[in-house]
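Asks: Generate a structure from the sequence data that follows.
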Amino acid sequence: MPPRYFTLEEATGLLPRLTEILVEMRARRREPDRLRREFAEATARAAGDGHLLERELAEKRSAISDLARQITELGSELKDMDEGLVDFHALREGGDVYLCWRLGEERIAFWHDLETGFAGHQPL
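Replies: Take a look at the predicted model:
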């Protein structure tokens, strides 16, 4: 499936929704870590407790995957969940590039080549 190309305005219009999704992902990301600790403790105590925690852990992971899928369905690409990095395919001076944005930034202010990644980002 070919990538969706965004104008700066189109990508900017998605920032409020992406912010909601990424904030929720970060909150949910901490839950599996807590559940893993509980799972290890419960497994040491009794096998029965571990099965319930294992199922809950799978549900939490599924919820995070669903949120990542929502980002993809918007046409953007989640590059780093912990950093909240999202890229948007765009055309710049006739070539394919990514507009890049990080959770917490007020606007999209950078772009980078497809090959360089965020480390090669440049101001718009």
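
Asks: Just give me the longest helix of the protein.
Replies: helix 8-45 (DSSP state H).

Asks: packing partners for that helix?
Replies: helix 47-73, strand 85-92, strand 95-102 (3 or more CB pairs under 8 Å, 6 or more residues apart in numbering; DSSP states H and E). For glycine as for every other residue, the C-beta is placed from the backbone atoms N, C-alpha and C.

Asks: Now do the longest one against strand 85-92, angle only.
Replies: With axes from the mean of the first three to the mean of the last three CA atoms, to 10 degrees as the criterion, the two stretches helix 47-73 and strand 85-92 enclose an angle of 20 degrees.

Asks: before we move on, what about the last one?
Replies: Using the same axes, to 10 degrees, the direction of strand 95-102 lies 150 degrees away from that of strand 85-92.

Asks: and the gap between residue 77 and residue 11?
Replies: Using CB to CB, to the nearest Å, residue 77 is found at 11 Å from residue 11.

Asks: between those two, what contacts are shared?
Replies: residue 88 (CB atoms under 8 Å, 6 or more residues apart in numbering).

Asks: Now do the contacts for residue 69.
Replies: No contacts exist for residue 69 under CB under 8 Å, 6+ apart.

Asks: Need the pLDDT of it.
Replies: Residue 69 is assigned a predicted lDDT (pLDDT) of 96.

Asks: in the chain, which helix or strand is least confident?
Replies: Here the helix or strand of the chain ranked lowest by mean pLDDT, DSSP states H and E is helix 47-73, holding a mean of 81.

Asks: following that helix, which helix or strand comes up?
Replies: For helix 47-73, the following helix or strand on the C-terminal side (DSSP states H and E) is strand 77-80.
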